[in-house]
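Novice: here is my input, please return the structure:
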Amino acid sequence: MCSSDLKRDSALWLLHNVCGNKKHPLPLRLAAARCVGGSAADVMEELAAALGKAKDAAEQVVLLDAMALAGRTALLHAGAILPLLDSKDELIAERAAMALAKLAVPDGIGKTIALLARSSGQTRMRVASALEVLTGEQFGINTSAWQAWWQANEAAIVAAGSAKLGGGTPSHRKETNKFYYFGIPQDQSNSILYVIDCSGSMKR
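Specialist: Modelled structure (predicted):
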């Protein structure tokens, strides 16, 4: 078996046995998604198909992160991500916006602006950052500015495609990143419990 076949088989095993397995803790599933995302060129169709079938919120988040890590490799499969911008779960919609920014999807701009308009709190800041990465513009959470810019530039951007998209920098990078711990959002709950194992077995 050649190394490329082994890489594909390994990514598929992680995709089917870890990423979508509710028995595994979320940090492990996110770590597996990073590996799958790094091998996405070999398993892109399977990854997009899994996202299209996923119903569990945690599984959708894990697979969206894998798509985001795949970057432009996943551009042809962005259709699996776009509907998730309309999710009633803010975390899923937010992660979808982040993935579309990494993929540089022109069709995601208008819908992400609409998501920004109905978002609040830290979700709104992260959606704004996704827009800034996607477009290269820096209007922050100013929905009116985004809407005016899109109205003036939509035709030209759609005509140009993804070539000039996806290279922006978030204006609130530190603010948007500090609310995550190992990929898990820390501002979505008022009752987070951390359990630290200090038993002797952890010293081995």
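Novice: my read is that residue 133 contacts residue 102, right?
Specialist: Yes: using CB atoms under 8 Å, residue 133 is in contact with residue 102, at 7.3 Å. (Glycine included, C-beta is placed from N, CA and C.)
Novice: hey, C-alpha coordinates of the host helix or strand of residue 110 in CSV?
Specialist: Using DSSP states H and E, the element containing residue 110 is helix 108-118. Once non-C-alpha atoms are left out, helix 108-118 reads as follows in CSV (Å, rounded to 0.1, in the frame of the first residue of the first chain):
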residue,chain,number,x,y,z
GLY,A,108,-21.3,33.1,1.5
ILE,A,109,-20.9,36.9,1.8
GLY,A,110,-24.5,38.0,1.6
LYS,A,111,-25.8,35.3,3.9
THR,A,112,-23.0,35.9,6.4
ILE,A,113,-23.9,39.6,6.5
ALA,A,114,-27.5,38.5,7.2
LEU,A,115,-26.2,36.3,10.0
LEU,A,116,-24.3,39.2,11.5
ALA,A,117,-27.4,41.3,11.6
ARG,A,118,-29.3,38.7,13.7
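Novice: what is the subsequent helix or strand relative to it?
Specialist: Downstream of helix 108-118, the first helix or strand assigned by DSSP H and E is helix 121-135.
Novice: coming back round to it: the helix holding residue 110 - contacts with which helices or strands?
Specialist: Contacts defined by 3 or more CB pairs under 8 Å, 6 or more residues apart in numbering; DSSP states H and E place helix 108-118 against helix 90-103, helix 121-135, helix 143-160.
Novice: return the helix or strand in the chain with minimum mean pLDDT.
Specialist: Least confident helix or strand, the chain: helix 173-177 with a mean of 49, by mean pLDDT, DSSP states H and E.
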